[in-house]
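Student: Quick one, structure for this:
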Amino acid sequence: MPKLDMLQELQLRTQLQLLIQQHRDLDTAIVSLEQTGTGDQLQLRRLKKMKLDIKDKIQRIEAMLIPDIIA
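Tutor: Numbering: from 1, shown residues only. Coordinates of the predicted model:
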């Protein structure tokens, strides 16, 4: 993987922070809907899928920011 320049790294770190916040917000919404029983199952599944998609994006960005260590 090519080395990132400082601007690219800054952009990725900013995007990472936004995704982490979205992930937390979705988690809060899911827990709230489950506790109150106001959300239907389809809505909960959609939110959980969105949360999983965001987690995948977070992991991809983290992999780009953390260089592989060759042992």
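
Student: Give the other helices and strands that the lengthiest helix in the chain contacts.
Tutor: Looking across the chain with DSSP state H, the single longest helix is helix 6-36. Applying 3 or more C-beta pairs under 8 Å, 6 or more residues apart in numbering; DSSP states H and E, we find helix 6-36 packed against helix 41-65. C-beta coordinates here come from the backbone N, C-alpha and C atoms, glycine included.

Student: ok, residues contacting the helix it packs on?
Tutor: 1, 4, 9, 12-13, 15-16, 19-20, 22-23, 26-27, 29-30, 33-34, 39 (C-beta atoms under 8 Å, 6 or more residues apart in numbering).

Student: Which among those count as buried?
Tutor: Neighbour-count burial (16 or more other C-beta atoms under 10 Å) is assigned, among the contacts of helix 41-65, to 12, 16, 19, 23, 26, 29, 30, 39.

Student: Turn the residues you listed into a markdown table, including distance to residue 65.
Tutor: Shown next, in a markdown table, are the buried ones among the contacts of helix 41-65 (distance: C-beta to C-beta, whole Å):
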| residue | distance to residue 65 |
| --- | --- |
| 12 | 6 |
| 16 | 7 |
| 19 | 12 |
| 23 | 16 |
| 26 | 22 |
| 29 | 27 |
| 30 | 27 |
| 39 | 34 |
